[in-house]
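Just need the structure, nothing else, for what follows:
(chains A and B)
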Amino acid sequence: MKHIRETWKVTVSEALGAMAREKGLDIATTVDNLVLETPPKPEMGDMGFPLFVWSKAFRMGPPQIAIALAERLAGVGPGTAKAIGPYLNIFLDRAAVARTVLDKSSRPGYGSSGSLAGTRIMIEFSSPNTNKPLHLGHLRNDVLGESVSRILRANGAEVLKINLINDRGVHICKSMLSYMAYGGGRTPQDEGKKSDHFVGDYYVKFNELKMADEAAEEKAQDLLVRWEAGDAQVIDLWKHMNEWAVSGIKTTYERTGISFDKYYYESQIYLTGKEEVQKGLANGAFFKAEDGSVRIDLSPIGLDEKVLLRKDGTSIYMTQDIGLAIHRHDDWPFDRLIYVVANEQQYHFKVLFHILERLGYEWAKNLYHLSYGLVNLPEGRMKTREGTVVDADALLDTLRDTALEEIQAKGREEALGDAADIAEKVALGAVHYYLIQATPSKDMIFNPQESLSFNGDTGPYIQYMGARISSMLRKRDKGEGKASDGLVRPDLLAKDAEWELVRRIAAYPEAVEQAGAEYNPAVVAAHLYDLASAFSRFYHDNPILNSDDPDTAATRLALADSVRNVMKHGLGLLCIPFLEAM
RNA sequence: GCGUUCGUAGCUCAGCUGGAUAGAGCGACGGACUUCGAAUCCGUAGGUCGGGGGUUCGACUCCCUCCGGACGCACCA
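Sure, this is the predicted structure:
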């Protein structure tokens, strides 16, 4: 489909150029000046060139230009050019296009491309703290990062997914201190709790501790100092609690299908970057302030000053990130490094990227902050202090249970075999789709009930369409219907109803490409929903397996199979399980 | 105060980077199961695209300005 568009762009720009020469006009008629879009209605054609811009130069009305072009291009293909008002629209040869689309889309990798072949992209996401379990906000980060990674890979990029575990700092010490006070040496196993929740509960209990002990905050600070000094007792406890937290978090990753190629631990790298700052001081990128701290003047980007090393020489968050970025580029030279981090840190990244540029790293321009918005609830904002944070595991459990109830209510347990497993996958599809369908940069409201709804723009709806098609194909394979007596005939797909599906299948690879270029999985999500709903309409109105005519049955089943292939591929990119039945 | 960002149907979101009559879903109302799974489908109502200027043949889209929300503006991470 894409090459057809490119061909027509060249054809039309050349025709415009020829027209200009004949009229003795000097007009720049390059392909770049041509806009090609999709007409709002299928009966207007498959693609169209608006001709308004050429009006002045040619001293002709756009409709006249359209007519002149259509005459000039009579007989030129692929398809036919027609003047429709101020537009030159292209009507494709549906049977011919259907033939190639059906052929391509019946192959496994359909939707993948090489548009990013040869590029190495590092992507950092999730980056949890080890003092509490994952919550709804993390789920957005995780599915965004994982999905973008998969989309980039589908476009041919070499991707390295990394996770920076935030395993040190005062917040970690707080849960440790709380455990020292209330834990009594107990383990997650003792209490029968998922280990990250076990740790998180002590972090919450720190609030109680503060009530009981006014010096709690100071003691936490003190614990941090002892940790940095390598105090054996502190380190030992830290290791235990950290392991509990991390292993629990990894369990949730497994549950949601998130994975990483490499883990970085803040405890191991928090001292890096100091040398780099010294180098910057030496070459004049930074300066030493009167109080002895090392700073950078950010006036070139309209900001103030930023401290990079405290007067006592200790480093801060920024220092660490400078060192880490350089370290990573040495480790694995990338063409692009994407940080999937909430939008509240956009200032941090703006400064970080600028600093790296000032330090003279030309690759600094290849750093990108994939900023995403907060997830709120219909009831309002999630607040840690008010205990309104939605725990990721609990949310998935609730949705899974609701889905299971629905399966039971429909009496489909028998047909499914492992109903609990299906319910879990529906829950996952519900959450992931809901989180991914909104534009990443915007804040969003997550409505759990709505996400699980089986009709509307949801994950389960798309899963359901996939299951229905799968069901049909199973029946064909068992010999039901007349399809096996028929031939697949693409010419039967030229009617509006079928063509609607063909063009969506044809456009799918471009959606994947666009999603990759924009780092926006929502593009794929929207495409899948459109496809699913178009298919739903189609099979409601038209018999497929049960067509009386064998050729029609065979052809429509082939079309359904292609729809299914696209869904499978697309849902895979969005971390949503494809279901054969539900 | 400064910076970034968002404001589209009652609610949740799209809108192909400036083009054809601004679209979906939910909710509301009304329809469709002796037929491939009704966890579905169809129809109706609902809009001054936050307000006002400007650029353009053409603006939800670009510029300015005001209003409203969010987030930042640490020697926290």
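
C-alpha from now on. contacts and neighbour counts both.
Noted.

pretty sure residue A:159 belongs to a strand, no?
Yes - looking at residue A:159 with DSSP: H, G, I helix; E, B strand; the rest coil, it is inside a strand.

you'd agree it is up against residue A:148?
No - at 9.9 Å, residue A:159 does not count as touching residue A:148 under the criterion of C-alpha atoms under 8 Å.

The two: which is more packed in?
Between residue A:159 and residue A:148, residue A:148 has the larger neighbour count (other C-alpha atoms under 10 Å), namely 26 against 21.

Give me the domain ranges for chain A.
Chain A breaks down by automatic domain parsing into domains covering A:2-92, A:169-260, A:392-573.

quick one, which of those domains is nearest to RNA strand B?
domain A:392-573 (2.6 Å; C-alpha to the nearest atom of the strand).

Show the average pLDDT along the closest one.
The average of the pLDDT scores along domain A:392-573 is 94.

In terms of secondary structure, what does the helix or strand containing residue A:571 contact?
If you go by DSSP states H and E, residue A:571 is part of helix A:550-573. Other helices and strands packing on helix A:550-573, by 3 or more C-alpha pairs under 8 Å, 6 or more residues apart in numbering; DSSP states H and E, are helix A:94-105, helix A:136-154, helix A:459-477, helix A:496-518, helix A:522-541.

What parts of the stretch 451-582 of chain A come near RNA strand B?
Taking C-alpha under 7 Å from any atom of the strand as the measure of proximity, the stretch 451-582 of chain A contacts RNA strand B at A:453-458, A:461, A:464, A:467-468, A:471-472, A:475, A:518, A:523, A:526, A:533, A:536-537, A:539-547, A:580-582.

swap that for the stretch 1-150 of chain A, please
A:35, A:37-40, A:44, A:47-53, A:84-87, A:89.

Derive a ChimeraX selection command for the buried subset of the residues you listed.
For the buried members of those, the matching ChimeraX selection, counting by 16 or more other C-alpha atoms under 10 Å, is:
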select /A:39,44,47,48,49,50,51,84,86,87,89
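
For chain A, which segments count as strands?
With DSSP state E, the ranges of strands along chain A come out as A:47-50, A:80-84, A:87-91, A:120-124, A:158-165, A:262-265, A:287-288, A:294-297, A:305-309, A:336-342, A:367-372, A:375-376, A:444-445.

Output these as CSV; include the columns distance to residue A:482.
Shown next, in CSV, are the strands of chain A (distance: least, C-alpha to C-alpha, whole Å):
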stretch, distance to residue A:482
strand A:47-50, 36
strand A:80-84, 35
strand A:87-91, 33
strand A:120-124, 49
strand A:158-165, 45
strand A:262-265, 52
strand A:287-288, 81
strand A:294-297, 75
strand A:305-309, 74
strand A:336-342, 51
strand A:367-372, 51
strand A:375-376, 50
strand A:444-445, 48
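
Tell me the buried residues within the residues of the stretch 451-582 of chain A next to RNA strand B.
A:454, A:457-458, A:461, A:464, A:467-468, A:472, A:523, A:526, A:533, A:536, A:539, A:544-547, A:580-582.

Poorly predicted segments of the stretch 251-400 of chain A, please.
Within the stretch 251-400 of chain A, the stretches with pLDDT under 70 are A:385-386.

for RNA strand B, what are the nearby residues on it?
So far as C-alpha under 7 Å from any atom of the strand goes, the stretch 251-400 of chain A lies against RNA strand B at A:291, A:293, A:304, A:306-311, A:316-318, A:343-348.

are any of those residues buried, and which?
A:293, A:306, A:307, A:308, A:309, A:316, A:318, A:343.

RNA strand B: which of those is nearest?
So of these, ranked by how close each gets to RNA strand B (C-alpha to the nearest atom of the strand), first place is residue A:316, at 3.8 Å.

show me the contacts for that closest one.
Applying C-alpha atoms under 8 Å, 6 or more residues apart in numbering, we find residue A:316 in contact with A:308, A:309, A:310.

repeat that with 10 Å
Counting by C-alpha atoms under 10 Å, 6 or more residues apart in numbering, residue A:316 touches A:270, A:271, A:273, A:274, A:307, A:308, A:309, A:310.

Residue A:188 now?
A:194, A:195, A:196, A:197, A:198, A:199, A:241, A:244.

What of residue A:523?
Applying C-alpha under 10 Å, 6+ apart, the residues contacting residue A:523 are A:436, A:437, A:438, A:439, A:508, A:510, A:511, A:512, A:513, A:514, A:515, A:516.

for those, which one is nearest residue A:93?
Minimum distance to residue A:93 across these is 19.0 Å, recorded for residue A:508 (C-alpha to C-alpha).

Can you get me a residue count around the closest one?
Neighbours of residue A:508 under the rule other C-alpha under 10 Å: 24.

Could you do residue A:491 as well?
For residue A:491, using other C-alpha under 10 Å, the count is 15.

Hmm, residue A:102 and it touching each other?
No - Residue A:491 is beyond contact range of residue A:102, at 11.2 Å (criterion: C-alpha atoms under 10 Å).

Need the residues touching each of those two.
Jointly contacting residue A:491 and residue A:102 under the rule C-alpha under 10 Å, 6+ apart are residue A:555.

that older thread, highest mean neighbour count out of the helices and strands packed on helix A:550-573?
helix A:136-154 (a mean of 25; mean count of other C-alpha atoms under 10 Å).

Quick one: the helices in the stretch 101-250 of chain A, in order.
Remark: helices assigned in the stretch 101-250 of chain A by DSSP state H, counting those that start in this stretch are A:136-154, A:170-182, A:188-191, A:195-212, A:216-229, A:232-256.

just checking, what packs against the second one?
Applying 3 or more C-alpha pairs under 10 Å, 6 or more residues apart in numbering; DSSP states H and E, one finds that helix A:170-182 contacts helix A:195-212, helix A:216-229, helix A:232-256.

Then the fifth one?
For helix A:216-229, the packing partners by 3+ C-alpha pairs under 10 Å, 6+ apart come out as helix A:170-182, helix A:195-212, helix A:232-256.

right, so of those, which gets closest to residue A:283?
helix A:170-182 (33.9 Å).

hmm, who's touching the closest one?
With C-alpha under 10 Å, 6+ apart, helix A:170-182 has contacts from A:129-132, A:166-167, A:183, A:185-186, A:198-210, A:216-217, A:219-225, A:227, A:234, A:237-238, A:240-242.

Just the buried ones out of the residues you listed, please.
Buried among those (16+ other C-alpha under 10 Å): A:129-132, A:166-167, A:198-206, A:209, A:216-217, A:219-221, A:223-224, A:227, A:234, A:237-238, A:241-242.
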